[in-house]
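>>> model this:
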Amino acid sequence: MNLRRAAVLAALAVSATCRAVVVSGGDGQGNTNAPSGLAEWDNVGRFNVGEGSAVYLGNRWLLTAWHVRVDNNPSQVLLAGTWYGLDTNTWTRITNASGSAADMVMVRLSNSPPLGDVTLRSTQIPDDASLVMVGYGRSRHPTNSYWDASWNEIYSPPYTWTGFKMFLGFNAKRWGSNTVDNAFKNVDVASVPYSSITRSFRVTFTEGASADEAQAVIGDSGGAAFYWNGTAWELVGMMHNISVQTGQPWPGTVVYGNRTWAANLTTPAYYDQLVAAIPEPATMAFWAVAVAVGGFVIRRFRRPPPQEGGPADG
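Next comes the predicted model:
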């Protein structure tokens, strides 16, 4: 996905757009098959141009980040090994309760894939919720890299930053896990270049948390965040931004302490629009509203991400 820098209106934190998830364990090349029980793995796909991910909701409707659509203007999506055409007359912007536009857009497929509908969660994400993130982002190098406080790469301790270099242009579908940051479950993240404000939640890439600990990177924008409610997997988020450290080389690195921002799909305005798109076709009612809105900056993963703790630039 494309991940960009973002200004977080509610908390004045900074973030950037994302691509396929990176996991901390092993050589970084694992987690390319569905985790046990997650049939919705097949509902996450990629486009025929550019770097970006998408989630198939059902009833031929596909969800992705608005910035992916603007930057790449895709015409096909790959789902479960099969390419499907997009009905490019159906691009439908997702909006906030105020009518302002979010960094999300839907489009219908030209024909129906043999995939089940996702389950959309209608209530707030619980505190300390463990999430599974799926996207088509770039892959990392197999071993750790280390930097000093000035972001010079070093090869012996003491280290200030630990993380990984990225293989540029080498993307793969991958899943990872992370835990929602409870204080950042409903934060408005805004982007001037793409005229969007998106109610979002955040997770943090934490060293030693687990082998599957995940962080979004370039190519993950439009990818999914799922929550297991005890009986079923629910779609609760769509990744669109990341936060990086001040001075961090970008987009060629990912370090511990980076954060992923995902649109909070349990937000009533978002939930209502998405669920209206995937009932039985006979009762389906969906509308499209696209309103340009100013605000602080959210950068896509393609652009340099915003520096953590400081204002994002345009």
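>>> show me where the stretch 201-314 of the chain has strands.
For the stretch 201-314 of the chain, strands defined by DSSP state E, counting those that start in this stretch occupy the ranges 214-215, 224-228, 233-243, 253-255, 259-264, 298-300.
>>> can you tell me which of the ones you listed comes nearest to Lys165?
Nearest to Lys165 among these is strand 253-255; the distance by Cβ to Cβ comes to 5.7 Å. C-betas here are computed from N, CA, C, even on glycine.
>>> Am I right that Trp41 sits in a helix?
Yes - checked against DSSP: H, G, I helix; E, B strand; the rest coil, Trp41 lies within a helix.
>>> Make residue 1 into 10 and carry on from there
Yep, numbering from 10; the last one is Trp50 now.
>>> give me the number of residues near it?
Neighbour count for Trp50, taken as other Cβ atoms under 10 Å: 18.
>>> what do you get for the one 3 residues further on?
Under the neighbour criterion other Cβ under 10 Å, Val53 is assigned a count of 28.
>>> Roughly how far does it sit from Pro258?
28 Å (Cβ to Cβ, to the nearest Å).
>>> need the longest helix for the protein.
In the chain, taking DSSP state H as the definition, the longest helix is helix 277-286.
>>> Go through it and flag the buried ones.
Across helix 277-286, burial judged by 16 or more other Cβ atoms under 10 Å covers 279-280, 282-283, 286.
>>> before we move on, what about stretch 254-273?
Using 16+ other Cβ under 10 Å as the test for burial, stretch 254-273 gives 254, 257-260, 262-273.
>>> for this structure, what spans make up the helices?
For the chain, applying DSSP H gives helices covering 75-81, 277-286.
>>> The spatially most central residue of the chain pairs with what?
Centroid-nearest residue in the chain, with Cα atoms, centre = their mean: Met248, separated by 1.5 Å. For Met248, the beta-bridge partners are Ala271 (DSSP bridges).
>>> Contacts only, for it.
By Cβ atoms under 8 Å, 6 or more residues apart in numbering, the contact set of Met248 is 10, 12, 27, 62, 74, 142, 144, 225, 229-234, 269-272.
>>> what's the distance between Leu118 and Phe210?
Taking Cβ to Cβ as the measure, Leu118 falls 28 Å from Phe210.
>>> Tell me which of those two has more neighbours.
Neighbour tally, Leu118 and Phe210, criterion other Cβ under 10 Å: the higher count belongs to Phe210, 27 against 19.
>>> No further queries at this time; thank you.
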